[in-house]
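> Model the following, please.
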Amino acid sequence: MRAVYRAYGRLVYAVAFKVLADPSLSEEATQQTFVKAWRAARSFDPSRELAPWLATTARRVAIDLHRRETLRRADPLDQVAPDHSALVTMPACPDTLFDIWEVRRAVFALPADEQQIVRLQHLEGLTHSQIATRPRLTAGDREITVLPGAQTPLRGSRPPAPHGEMSQSANRTATRPRREQARATRRLK
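Numbers count the residues shown, from 1 in each chain. Now for the predicted structure:
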């Protein structure tokens, strides 16, 4: 096989290079051509010329390699847009990583409906009114989006209200059942 490679290696490389126009791919095609020739040696008719058979095999291997590489070929990294979804930007420092971890932990600690609202607002960039029109949200979920204190679990614990007073959002939540009870009483009368 070494003698065959020495005699026809340049021919096989030239045929592959003509198809591929890439030195490294042409070398790979040359290697694959000789491997294929070695495996198919039993089917080769010794009364025929070896050069045309190897050249045909090299051309077919180069075409197959070209097809495979064009499917696999990717753009160089500097040509990809910076906002492409496949790119990941690493945070500048460990403190930023810790902050990201804390935010994720806080969001995970929220009830599922509030997690959905936070994701819609902060990851999908929807406004409060856009979130409120989403069909999958219940009326209570929509109301959570407009409460001023809806994001406080992400900021840490809410400072306690002065003694005897309720925060605005807690006051709204507490008065809601009273209003509903008053409406129901009026309907019965």
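> Am I right that Val19 is in contact with Arg60?
No: under the contact definition of Cβ atoms under 8 Å, Val19 does not touch Arg60, with a separation of 9.5 Å. Quick note: C-beta positions are derived from backbone N, CA and C, even for glycine.
> between the two, who's got more neighbours?
Using other Cβ atoms under 10 Å as the criterion, Val19 and Arg60 rank with Val19 on top: 19 against 16.
> Quick check: chain neighbours aside, which residue is closest to the more buried one?
With sequence-adjacent residues excluded and distances taken as Cβ to Cβ, 6 or more residues apart in numbering, Val19 is closest to Ala62, at 3.8 Å.
> in the chain, what spans have low per-residue confidence?
With pLDDT under 70 as the threshold, the chain has low-confidence stretches at 73-75, 77, 85-92, 135-189.
> for it, what spans make up the helices?
With DSSP state H applied, the chain shows helices at 2-20, 23-39, 50-72, 94-109, 112-118, 128-132, 139-146, 152-155, 168-188, listed in chain order.
> and the fifth one, what does it pack onto?
Counting by 3 or more Cβ pairs under 8 Å, 6 or more residues apart in numbering; DSSP states H and E, the packing neighbours recorded for helix 112-118 are helix 94-109, helix 139-146.
> buried sites along the first one?
Within helix 94-109, the residues scored as buried using 16 or more other Cβ atoms under 10 Å are Ala106, Val107.
> got the CA positions of that helix in PDB?
Included here for helix 94-109 are C-alpha records, laid out as PDB according to Å, rounded to 0.1, in the frame of the first residue of the first chain:
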ATOM      1  CA  PRO A  94     -18.000  36.900  41.200                       C
ATOM      2  CA  ASP A  95     -20.200  39.400  43.000                       C
ATOM      3  CA  THR A  96     -22.400  39.600  39.900                       C
ATOM      4  CA  LEU A  97     -22.600  35.800  39.800                       C
ATOM      5  CA  PHE A  98     -23.800  35.800  43.400                       C
ATOM      6  CA  ASP A  99     -26.400  38.500  42.600                       C
ATOM      7  CA  ILE A 100     -27.700  36.400  39.700                       C
ATOM      8  CA  TRP A 101     -27.900  33.300  41.900                       C
ATOM      9  CA  GLU A 102     -29.800  35.300  44.600                       C
ATOM     10  CA  VAL A 103     -32.300  36.600  42.100                       C
ATOM     11  CA  ARG A 104     -32.900  33.100  40.700                       C
ATOM     12  CA  ARG A 105     -33.300  31.800  44.200                       C
ATOM     13  CA  ALA A 106     -35.800  34.500  45.100                       C
ATOM     14  CA  VAL A 107     -37.800  33.900  41.900                       C
ATOM     15  CA  PHE A 108     -37.800  30.200  42.600                       C
ATOM     16  CA  ALA A 109     -39.200  30.900  46.100                       C
END
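> No further questions, thank you.
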